[in-house]
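Chemist: predicted model and sequence follow; I will ask about them next.
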Amino acid sequence: MNTIKAPPVTAEGKQHEVQSVRKVNAGELREVAAVLARAFYDDPPMRWVLPDDGRRLMLAERFFHFFLRKLWFHQNECLTTAGQAGAAVWLPPGGWEVSAFRQILLLPGMAMTLGRSLGPTLRAIAAMESNHPKEHHFYLPFAGVDPEWQGKGIGSALLAPVLQRCDEESIPAYLEASSPINRRLYERHGFEVTEEFTLGKGSPPLWRMWREPK
């Protein structure tokens with residue numbers, strides 16, 4: 001997927017530029033992790049996993065940076081925009097599966113990254129994996145837009161390149177929506193709710209959503 005070109009930054013062109021979608025490069029993983037952490041700060045499941053308001057932003061940024069470095073970035077499907085106004089972590093078919101051996105190797109780093117939040121994080125990951133479909137598909141575990149830029153079409157722009165590829169290659173797509181607002185956004189892009197589930201006792205709901213290629 002190529003970068004969508006945009007004009008130079010001007011007062012009139014600023015919004016158009018931040019909608020320019022490109023692949024994440026290795027030198028901006030911290031910036032991408034930071035924008036995802038800001039985007040998910042008030043996300044209901046994230047608040048359940050990381051309930052401390054004073055530490056959530058820091059821990060979420062550590063979480064995203066760790067997984068970008070160790071698992072997601074190397075699958076070459078992570079997208080961002082000019083100025084990192086938002087980001088989408090897409091995983092190609094089969095890319096969501098992590099072997100038991102690989103998970104064991106990741107545990108020490110996760111423990112150092114998350115500290116006391118490791119347990120709730122692992123339980124949340126396990127719940128999502130147990131509800132994950134086995135069919136061949138692209139997977140969107142996380143997509144978020146900086147609160148400053150939400151409501152300006154950036155989320156849709158981050159979905160478009162991979163959904164176009166899904167249609168061209170006849171590949172379904174899957175995600176978990178974490179709020180009614182997100183669910184409605186994904187429904188506009190052809191996703192349909194297949195099931196509601198939770199991450200554990202007291203967790204807010206998530207919605208499994210599936211999209212058949214057009």
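Modeler: Noted; the coordinates are in hand.

Chemist: the residue most central in space within the chain: what's it in contact with?
Modeler: The centre of the chain sits closest to residue 142, judged by CA atoms, centre = their mean, with a distance of 1.0 Å. Residue 142 makes contact with 36, 40, 64, 87, 88, 89 under the criterion CB atoms under 8 Å, 6 or more residues apart in numbering. To be clear about C-beta, it is placed using only N, CA and C from the backbone, and glycine gets the same treatment.

Chemist: from residue 146, how far out is the closest residue to residue 124 other than its chain neighbours?
Modeler: Of all residues not flanking residue 124 in the chain, residue 199 sits nearest, at 4.5 Å (CB to CB, 6 or more residues apart in numbering). The gap separating residue 199 from residue 146 is 25 Å, by CB to CB, to the nearest Å.

Chemist: between those two, which has more neighbouring residues?
Modeler: residue 199 (23 against 19; other CB atoms under 10 Å).

Chemist: quick check: that one touching residue 47?
Modeler: No. Look at residue 199 against residue 47 with CB atoms under 8 Å: they stay out of range, at 11.4 Å.

Chemist: where along this structure do the helices fall?
Modeler: 14-18, 29-39, 44-49, 53-67, 100-114, 118-130, 154-169, 180-188 (DSSP state H).

Chemist: flag the shaky bits of the protein, pLDDT-wise.
Modeler: Along the chain, segments meeting pLDDT under 70 span 1-19, 97-101.

Chemist: check contacts around the residue nearest to residue 115 when sequence neighbours are not counted.
Modeler: Of all residues not flanking residue 115 in the chain, residue 59 sits nearest, at 7.9 Å (CB to CB, 6+ apart). Counting by CB under 8 Å, 6+ apart, residue 59 makes contact with 50, 52, 114, 115, 117.

Chemist: go on, residue 96?
Modeler: Contacts of residue 96 (CB under 8 Å, 6+ apart): 132, 139, 141.
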